[in-house]
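>>> can you look at this prediction? I've put the sequence above it.
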Amino acid sequence: MSDDSHIRIRDLNLFYDDAQVLKDVSVSIHSLHVTAIIGASGCGKTSLLKCINRLAELAPRARVTGEVIVGNQDIYARGVDVTAVRKRIGLIAQKPTPLPMSIFENVAYGPRIYGMGSKKKLRETVERCLKTVGLWDEVKARLKDPAGRLSIGQQQRLCLARGLAVEPEVLLFDEPTSSLDPNSALRIERAIVELKSNYTCVVVTHNLVQARRIADHVLFMSDGKLVEHGAADAMFDSPREAQTQAYIMDESL
Amino acid sequence: MTRRKLLDRLLKVTSAASMGVVVAALAAILWTIISKGAKSLNWSLITQVPKGDFYTGGGGGIANAILGSIYLGIGATLLALAIGLPTVLYLRTYADRSRFASVVRGLLDVLWGVPSIVFGAFGFTLMIYLGMRASLLAGIITVAMFELPIMIRAMDLVMRMVPHELDEVSYGLGATRCETAIKVIARQAIPGIVTGALLAFGRGIGDAASVLFTAGFTDRIPESLTQPAATLPLAIFFQMGTPFKEVQDRAYGAALVLVMIVLVTSVASRVLSARLGRYVV
Amino acid sequence: MLATTLFSGMLVVVIAVALYARSRPLIASKSLSAIIFGANWKPSAGEFGLGPFIIGTAWVTAVAAIIAVPLCIFASIYLAEYAAPRTRSILKPLIDLLAGIPSVVYGAWAALVIVPLIADHLGPYAQAHLKRIPLLNAEYVTGYSVLAGGIVLAVMICPVIISVAEEVLRAVPQDYRDASYAVGATRLETITKVVIRRALRGLMAAVVLGISRALGETMAVLMVVGNVAALPKSVFDPAYPLPALIANNYGEMMSIPLYDSALLCAALVLLVIVLFFNVAARLVLVRGASR
């Protein structure tokens, strides 16, 4: 295995009851790069993402087999503290979902749970994370306002800030811009590209143009299987598999 | 007009008229209570305790019953909340959509239908079994059991509407189930929790059958949990039961006080749940 | 949290078991059927027949149902099919208000208004004109009667029936109505032939739910029904429903042997009857919804 892979996935299978959603997925995710997962609806991209931060198993009657090794740890090994895993791996969901609290409390939620610091440290953390996502100037005067009052684009940036506050190593994005207007979408994309210098990023997207813009590596999935993966430029310009080529051509039309 | 059109008109009129009858009944009841009650309602009635011959026409007031009811109502509602809130949180956070939750919800539906006199009879049985005497505490326990299904049903309804995305966000940040339940789900459901608690309080404070055997009755204001407590519903009941017209008239004053408490509770419920619910997404 | 959940779920079972346990002394000495069907209630002579009280409950509940059911079905049709959203938003809280009025207040009102109404107006009318009709003939009318209990009960169960029935009617998808109007049906035809037909199970459940509330209602009925342990022969006669029996006699429970057992047995019988109706209504609602 190459030295710069942060996450190594081996023979991952996901079942909901009898339906198999992920079939023998094996791949490495490069550290401090942006990896995009593309594929048609229902191919398992979001499920794969959720297996990485162990959120997939929360669905009723879900079963996971295989290994996911983050750094040095198989996060599916017996006795692993699942909340600690989820702290290391953040997820920004498709639909911006603020918690029912003030803007400040949203960002402070994670750090508070982990006892990460005094009031002063919390304020510093909140400010830092909001600045990183470019939200600080817009909200600094109304940190106590309900988070639900922000616009959708602001809410999504808030969700990103919230995820950053627990100091993860990996950031997962599930179609982060599909609910947003083009302006907000661009801001999120720019943030992701900036973040990759400090975090390993994995982005699920159905927007190939977006994938071209931000991705260093690409995974193409179909029907629960990983069909092809490689460097972004190579994948888009000359994909090896016929399926990949067909998908890319279809989406480009 | 054709027969069809005539029948059509008839349905509209009958339906509207029926609704009118129901509303008129409400108006009639409120009107009677307000007009008769206002006549007997005065400061001394509210602030004094009954003198020895209060129930045969003598002097005094119903302060004992007013305070007794308030102590009982608050105590019972807090007790029911202490049991009911963790229950709905558990059902929503740990067990939602499971068979276990369906079974429990079914049992709670059944509990909801139990008449208050049966709660009173059970409370009495419990009292004897535990060697308690008719007291504020016994009344609180019994009324809490009566309030429990009412409170749970109202809160559960709102809890189940809390979107599951919120759960995932919380877990995604590394929170445990318990932390998620208390810090996120409960926060989102605050309007429902407030409404449920105050609704249950209104029902509990107005119920006579559950306190009949268990809270006792006394002319004094209870000073501890082990003393018997007078309650407004029973005060009304006993006053109506006398053959003296002046006493019966005073019963309407007590009824008016009780109705006002229930009304104020209802209004407070709306106001509080709007205010406390400002963070709801 | 799990503990409170288990407690809440098991409470109804615990109540039933406890009441049964306390009734056992009585059931041991007389058979259950002797208690339920026995027609004599003379505690000092050791006779504990609950028959008259069960019948009394049935009478009052039946009168309440006869008055409330048509009234509430039509009222909920108005609410669901005719009322504008603004009107509905005013009426629904009013109905909730009706539901929140305490039982004793209903009783006080009924004692003041309904009982004299029967004694001074309805009774004499029946005596004069309705002599031949069974169940409505009035020989000796004090006003404290099955009719008084039935009327106050009817008002009390209206909110229950209306709120469930209205929800059930509104749950019928608009597509059905549109399809009916599209072929030229009138409102009445659409409502009766399409909407109500779809909602029928739910409407029945609403009625059964209302009946189960009526069965257990204690104080209001107690105050106007007369509390005479004889079989009523007309609606103008007094009766003695089961809840009233329990409420009136708790004070003497410990003084006569087996009296406490008998009253708790009465509570158990009441519980079983109410639960039967309640569970039946729930099953109908659940099955109806999953269709």
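Received it, and whenever you're ready, just let me know what you need. Here the structure is a predicted model, which is why all the values come from computation and not from measurement.
>>> quick check: phi and psi on A:L12?
Phi and psi for A:L12, reported as degrees, to the nearest 10, are phi -80, psi 130.
>>> roughly how far apart are it and C:L19?
56 Å (C-beta to C-beta, to the nearest Å). (C-beta placed from N, C-alpha, C; glycine too.)
>>> what about the helices in the chain?
By default, I'm working from chain A. A:45-52, A:82-88, A:103-113, A:119-132, A:136-139, A:152-165, A:182-195, A:208-214, A:232-237, A:242-252 (DSSP state H).
>>> I was thinking of chain C, sorry if that wasn't clear
C:2-29, C:32-37, C:51-77, C:85-100, C:103-117, C:123-129, C:146-170, C:174-182, C:187-189, C:196-216, C:219-224, C:242-249, C:259-289.
>>> residues from the stretch 101-250 of chain A in reach of chain B?
Counting by C-beta under 8 Å from any C-beta of the partner chain, the stretch 101-250 of chain A comes close to chain B at A:101-102, A:109-110, A:113-114, A:146-148, A:159, A:162-163, A:166.
>>> switch the cut-off to 7 Å
A:101-102, A:109-110, A:113, A:146-148, A:162, A:166 (C-beta under 7 Å from any C-beta of the partner chain).
>>> could you export those residues as CSV, including neighbour count, distance to B:A186 and pLDDT?
Output for these, formatted as CSV (neighbours: other C-beta atoms under 10 Å in any protein chain shown; distance: C-beta to C-beta, whole Å; pLDDT from 0 to 100):
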residue, neighbour count, distance to B:A186, pLDDT
A:M101, 22, 12, 93
A:S102, 21, 16, 95
A:Y109, 21, 14, 95
A:G110, 26, 18, 93
A:I113, 19, 15, 92
A:P146, 19, 16, 94
A:A147, 26, 17, 94
A:G148, 17, 17, 92
A:R162, 30, 19, 95
A:V166, 25, 21, 94
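>>> low pLDDT regions in chain B?
B:1 (pLDDT under 70).
>>> for chain C, give me its nearest residue in it.
Per C-beta to the nearest C-beta, B:P115 is where chain B lies closest to chain C, at 2.4 Å.
>>> over to the stretch 151-253 of chain A?
A:V166 (25.2 Å).
>>> mind checking the backbone torsions on that residue?
According to degrees, to the nearest 10, A:V166 has phi -90, psi 10.
>>> and the nearest residue to it once chain neighbours are set aside, what does it touch?
Leaving out its chain neighbours, the residue that sits closest to A:V166 by C-beta to C-beta, 6 or more residues apart in numbering or on different chains is A:G110, at 3.7 Å. Contacts for A:G110 were tallied using C-beta atoms under 7 Å, 6 or more residues apart in numbering or on different chains; they are A:162, A:165-166, B:173-174.
>>> so who does residue 76 touch?
Defaulting to chain A. Counting by C-beta under 7 Å, 6+ apart, A:Y76 makes contact with A:64, A:67-68.
>>> wrong one, I was asking about chain C
Counting by C-beta under 7 Å, 6+ apart, C:S76 has contacts C:162, C:165-166, C:169.
>>> quick check, nearest of those to chain B?
Of these, the one sitting nearest to chain B (C-beta to the nearest C-beta) turns out to be C:I162, at 7.1 Å.
>>> for the closest one, which residues are in contact?
Applying C-beta under 7 Å, 6+ apart, the residues near C:I162 are C:72, C:75-76, C:79, C:95.
>>> re earlier: top of the contacts of A:Y76 by neighbour count?
With neighbours defined as other C-beta atoms under 10 Å in any protein chain shown, the most crowded of the contacts of A:Y76 is A:V68; it has 24 neighbours.
>>> who does that residue form a beta bridge with?
In this entry, A:V68 is beta-bridged to A:I9, by DSSP bridges.
>>> thought it was touching A:I75?
Yes - A:V68 is within contact range of A:I75, at 5.2 Å (criterion: C-beta atoms under 7 Å).
>>> tell me which parts of the stretch 51-200 of chain B are close to chain A?
Residues of the stretch 51-200 of chain B lying near chain A (C-beta under 7 Å from any C-beta): B:97, B:165-166, B:168-169, B:171-176, B:179, B:184, B:187-188.
>>> so which of these are in helices?
B:165-166, B:168-169, B:171-172, B:179, B:187-188.
>>> related to what we said a few turns ago, ok, and which of the helices of chain C has the densest surroundings?
helix C:219-224 (a mean of 28; mean count of other C-beta atoms under 10 Å in any protein chain shown).
>>> got the contact list for it?
Contacts for helix C:219-224 (C-beta under 7 Å, 6+ apart): B:208-209, B:237, B:240, C:60, C:103-104, C:106-107, C:110-111, C:114-115, C:144, C:148-149, C:152-153, C:156, C:241, C:244, C:247.
>>> residues contacting residue 55?
If you meant another chain, say so; for now it's chain A. Here A:L55 is in contact with A:91, B:168, B:171-172 (C-beta under 7 Å, 6+ apart).
>>> to clarify, I was referring to chain C.
C:L231.
>>> ok, now with 8 Å
By C-beta atoms under 8 Å, 6 or more residues apart in numbering or on different chains, C:I55 lies in contact with C:231-232, C:239.
>>> for B:S40, same thing?
Contacts of B:S40 by C-beta under 8 Å, 6+ apart are B:249-250, B:252-253.
>>> which of those count as buried?
B:250, B:252-253 (16 or more other C-beta atoms under 10 Å in any protein chain shown).
>>> out of these, list just those in helices.
Using DSSP H, the buried ones among the contacts of B:S40 in helices are B:250, B:252-253.
>>> can I get those in JSON lines including distance to chain A?
Listed next are those as JSON lines, based on distance: C-beta to the nearest C-beta, whole Å:
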{"residue": "B:R250", "distance to chain A": "48"}
{"residue": "B:Y252", "distance to chain A": "45"}
{"residue": "B:G253", "distance to chain A": "44"}
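>>> ok, and which of those reach chain C?
B:Y252.
>>> returning to that earlier point: and the contacts of A:Y76 as TSV, adding pLDDT?
Output for the contacts of A:Y76, formatted as TSV (pLDDT from 0 to 100):
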residue	pLDDT
A:V64	93
A:E67	92
A:V68	94
